[in-house]
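**Q** here is a sequence together with a model predicted from it:
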Amino acid sequence: MECPNCGNERALDFCAHCGQNDRDYLRSLPSLVRDIVREVFEVDSRTFRTLRLLVLQPGELSAEFSRNRRANYSSPIRLYLFFSLLFFFVLSVTSKPEPTVEQDPVVRFDEERAESVDFTALREALSPQQLGKVDEILSRDSNRGTKASAYGLAFWADRRQDALTEIERFYISQGIDWLHAPRLAAERLENNLPITMFFMLPVFALLLALFYRKKRRFYVEHFVFSVHVHVAVFAVFTLLALVPEAMIGGILDLILLLALAVYNVLALFRYYGDGVFLTVVKWGFLTAGYAILLIPGILLTVFVTLSAL
């Protein structure tokens, strides 16, 4: 068969001259989407070999990539996509809606006390569009918890001795957006979080490159290790989402989290080759640094989510 790219004879799935495969993307969309989904989620011998190495020998899968032994294993990005999509799917299925006021005895709404709250300071801090949202929140009878939260914001703003700062006005505005459409905000935030986590992959790789700069590894090696670590994290948190909350008093959750910590230390130890004590210390600083950088990423995601409401 003739290769459409270079015109030479192609005997196998790939052209021996230019390397182009035999895939034909000029076909109907359903057929194309079906093949893409099958390629991402296809389970073959490489998948089992990859998962076995990933689970039983932390860090070895990344080491195989650095040795340029890639043909026997699933690609890192394919692995990441599968486990991240699996986690967020399980999270969306297992997450429970917030309890209503009638279900949650902690939430109380005192009608008489609420009437004494002055909304002047809160209204001065909001735009006309936000004021409309406040009026709509206060007019609702079905969700007293949301109304109580709005009164709480007004009470806090009223008790402020000084004028509200721009930052405080911003956070109040974001809070009103959330209270106005809490279910929609939660759904959109859940949809945006996978994007945030994907962009955290190169951030963690940069931290690895900083802590292990003396190892003289290429950035792509740190990135692949970052992918494999995130895959392990998604796998564990998928199990956590599936475990009933009351199961063994939360002991199983603790065991899984401790196992994840041990896994990450062993992966760093195997891949980078430092001593045990130094590896543990670096793991602690890496975890703290990643958590610090993750916070603004999540806050930015919340901001983008609320801005679209």
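**A** On my side now, so go ahead.
**Q** show me which helix or strand of this protein is least confident by mean pLDDT.
**A** helix 111-114 (a mean of 52; mean pLDDT, DSSP states H and E).
**Q** need the next SSE after it, C-terminal direction.
**A** As assigned by DSSP states H and E, the chain's next helix or strand after helix 111-114 is helix 120-124.
**Q** tell me the buried residues in that following helix?
**A** Neighbour counts over helix 120-124 (16 or more other C-beta atoms under 10 Å) mark 121-122 as buried. For the C-beta atoms, the positions are set from N, CA and C on the backbone; glycine is no exception.
**Q** oh, and call the first residue 575 from now on, that's how I've got it
**A** Sure, I'll start counting at 575 from here, so that last one is helix 694-698.
**Q** quick one: the very next helix or strand once past it to chain centroid distance?
**A** Moving toward the C-terminus from helix 694-698, the first helix or strand encountered (DSSP H and E) is helix 702-713. Distance of helix 702-713 from its chain centroid, counting by C-alpha atoms, centre = their mean, to the nearest Å, is 31 Å.
**Q** can you pull the buried residues of helix 702-713?
**A** By neighbour count, with 16+ other C-beta under 10 Å as the criterion, the buried positions of helix 702-713 are 704-705, 707-708, 711.
**Q** now do stretch 747-760
**A** Across stretch 747-760, burial judged by 16+ other C-beta under 10 Å covers 747-756, 759.
**Q** farthest pair in the residues you listed?
**A** The distance between the two most remote of the buried residues of stretch 747-760 (C-beta to C-beta) is 15.3 Å, for Ser747 and Pro756.
**Q** with distance to Arg787 added, can I get the buried residues of stretch 747-760 in TSV?
**A** Formatted as TSV, the buried residues of stretch 747-760 follow (distance: C-beta to C-beta, whole Å):
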residue	distance to Arg787
Ser747	42
Gln748	38
Gly749	42
Ile750	46
Asp751	42
Trp752	41
Leu753	46
His754	48
Ala755	46
Pro756	45
Ala759	41
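**Q** nothing else from me, thank you.
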